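Asks: Structure, please.
(6 chains)
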Number of protein chains: 4
Amino acid sequence: MLINIDFGTRTPIYEQIVLEVERLVTKEVLKPGEQIPSIRELALTLSVNPNTIKKAYDILEAKNIIVSKSTKGTFITDNIKKAKNDKIDDLIKKINQDLKELESLGLSKEEIFKKLK
Amino acid sequence: MLINIDFGTRTPIYEQIVLEVERLVTKEVLKPGEQIPSIRELALTLSVNPNTIKKAYDILEAKNIIVSKSTKGTFITDNIKKAKNDKIDDLIKKINQDLKELESLGLSKEEIFKKLK
Amino acid sequence: MLINIDFGTRTPIYEQIVLEVERLVTKEVLKPGEQIPSIRELALTLSVNPNTIKKAYDILEAKNIIVSKSTKGTFITDNIKKAKNDKIDDLIKKINQDLKELESLGLSKEEIFKKLK
Amino acid sequence: MLINIDFGTRTPIYEQIVLEVERLVTKEVLKPGEQIPSIRELALTLSVNPNTIKKAYDILEAKNIIVSKSTKGTFITDNIKKAKNDKIDDLIKKINQDLKELESLGLSKEEIFKKLK
DNA sequence: GTGGTCTAGACCACC
DNA sequence: GTGGTCTAGACCACG
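Replies: The predicted structure follows:
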């Protein structure tokens, strides 16, 4: 599982892991029903304390993104569309806030859109 | 000086102050050369420890947005245009990242722009 | 870490610490990636308040000389060459200013260079 | 009297005035026996508190660079050569320290002298 | 009164 | 244990 952790940033590691898993899910790299690494395994590959992985998995389970079946392993949930839509709404909201900010700095919509890729 | 602090948020107080001053400067509410409240004064009006204000002012000074003249007070720098341009560049960069993220989630440019205000 | 502090001088303690760490880095006593003492530890060995060490470390971090990783410790940055070159440029600049000053006092280049070691 | 003061620097104003007068004396812009501005006059032209000028003049008098004859005014001393030689020795000492520092950073004498103007 | 420095000590999240 | 934040309060030089 391709997860990037940035040590030395303010956002805690467990939160970064949550975000990374969400990212992989919404981009459909991880698909519904698919099994993800065990806590101990991921802890090793990321060089991170198992407690930290546990915390991240707990949060992901509370968000209905993963489900852990004891002794069997941990799996991606079936109801993924909601996660994806939430992500999209979040991004749209962020962009709209930034656009508002730019306009309040005196830029016109045309000027802004010219700068966007 | 109209500064709103949200206690009980993860972003530290001193950082909120930095952002608020930057906001007031980029929106030209605070103008070059203008004197801003003394450390003690702002500490009182915000009900915050003077050391916290000092830290915020230190960061703003490191960013060349204000200058502290001992025994005289603290003032907005003359070269403010850079601060404003930096802010704009930051925002544009953030938006472009979010747009890229949205496209990688399968949305077309048309779909995205329809949702923007 | 061999740091000498001169209490009872006009230059503040935190600044002396910054200079000492820079010195150790430019002289490659401290090497990229190396861990330096924790805030509390250095505070104890120098008999100085942790807040003072923190301030020094903050400045060094702003200068890209060290990075603080929460719960892990504080480390020397990888891009040290810049720090070293900055130091050299600083010194050259200082010397050139002093040379100019000496010439303006009526000394010829020959007279000056005779006095240098 | 051409004196430049940099407000907003760590070195106190009275000290800057002392240094400036010394500079003018060693460069023989101000000559032995010459009268310099009264405290009140200089205070006005520099927009500085008279107490500050007083403090600077006191120090300059203690250093035997000026002498104030009450009701007559303040004058440059006759024994100026010492002031000049002190200044030169100071500068040479500073340069030698910086040269040593540069060598300890691994630069050879040739490399250093190539960079000097 | 202004900014600048420093101490002592507390609390927090994270691991 | 680590770094990060914050408070309370003291002292200083300067003007």
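Asks: residue closest to the middle of chain A?
Replies: residue A:19 (2.3 Å; CA atoms, centre = their mean).
Asks: OK, contacts around the residue in chain A sticking out farthest from the centre?
Replies: Most distant from the centre of chain A: residue A:106, at 33.6 Å, with distances by CA atoms, centre = their mean. By CB atoms under 8 Å, 6 or more residues apart in numbering or on different chains, residue A:106 lies in contact with nothing. Just so you know, the C-beta spots here come from the backbone N, C-alpha and C atoms, and that holds for glycine as well.
Asks: what's the spacing between it and residue B:26?
Replies: 9 Å (CB to CB, to the nearest Å).
Asks: Strands of chain A, start to end?
Replies: Assigned by DSSP state E, chain A shows strands spanning A:35-36, A:66-69, A:73-76.
Asks: Now mean pLDDT and mean neighbour count too, for these, in TSV please.
Replies: Below are the strands of chain A laid out as TSV (pLDDT from 0 to 100; neighbours: other CB atoms under 10 Å in any protein chain shown):
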stretch	mean pLDDT	mean neighbour count
strand A:35-36	93	16
strand A:66-69	91	15
strand A:73-76	92	16
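Asks: Just to check, residue A:99 is in contact with residue A:113?
Replies: No. Using CB atoms under 8 Å as the test, residue A:99 is too far from residue A:113 to be in contact (9.4 Å).
Asks: Compute the inter-axis angle for the lengthiest helix in chain A and helix B:81-104.
Replies: Secondary structure of chain A per DSSP state H: the longest helix is helix A:81-104. Orientation check (axes from the mean of the first three to the mean of the last three CA atoms, to 10 degrees): helix A:81-104 against helix B:81-104 gives 160 degrees.
Asks: Averaged pLDDT, helix A:81-104. What do you get?
Replies: Averaged across helix A:81-104, pLDDT comes to 90.
Asks: ok, residues contacting that helix?
Replies: By CB under 8 Å, 6+ apart, the list of residues contacting helix A:81-104 reads A:22, A:25-26, A:63-65, A:109, A:112, B:27, B:88, B:91-92, B:94-95, B:98-99, B:101-102, B:105, B:107, B:112, B:115-117.
Asks: Go again with 6 Å.
Replies: Outside helix A:81-104, the residues that touch it by CB atoms under 6 Å, 6 or more residues apart in numbering or on different chains are A:25, A:26, A:65, A:112, B:91, B:94, B:95, B:98, B:101, B:102, B:115, B:117.
Asks: Likewise for stretch A:49-61?
Replies: Residues outside stretch A:49-61 that contact it (CB under 6 Å, 6+ apart): A:13, A:14, A:17, A:18, A:21, A:39, A:40, A:42, A:43, A:66.
Asks: got the contact list for the fourth one?
Replies: So the one you mean is residue A:18. By CB under 6 Å, 6+ apart, the contact list for residue A:18 reads A:56, A:59, A:60.
Asks: Check the fifth one too.
Replies: Taking CB under 6 Å, 6+ apart as the criterion, residue A:21 is in contact with residue A:60.
Asks: Since that was my last question, I'll sign off now.
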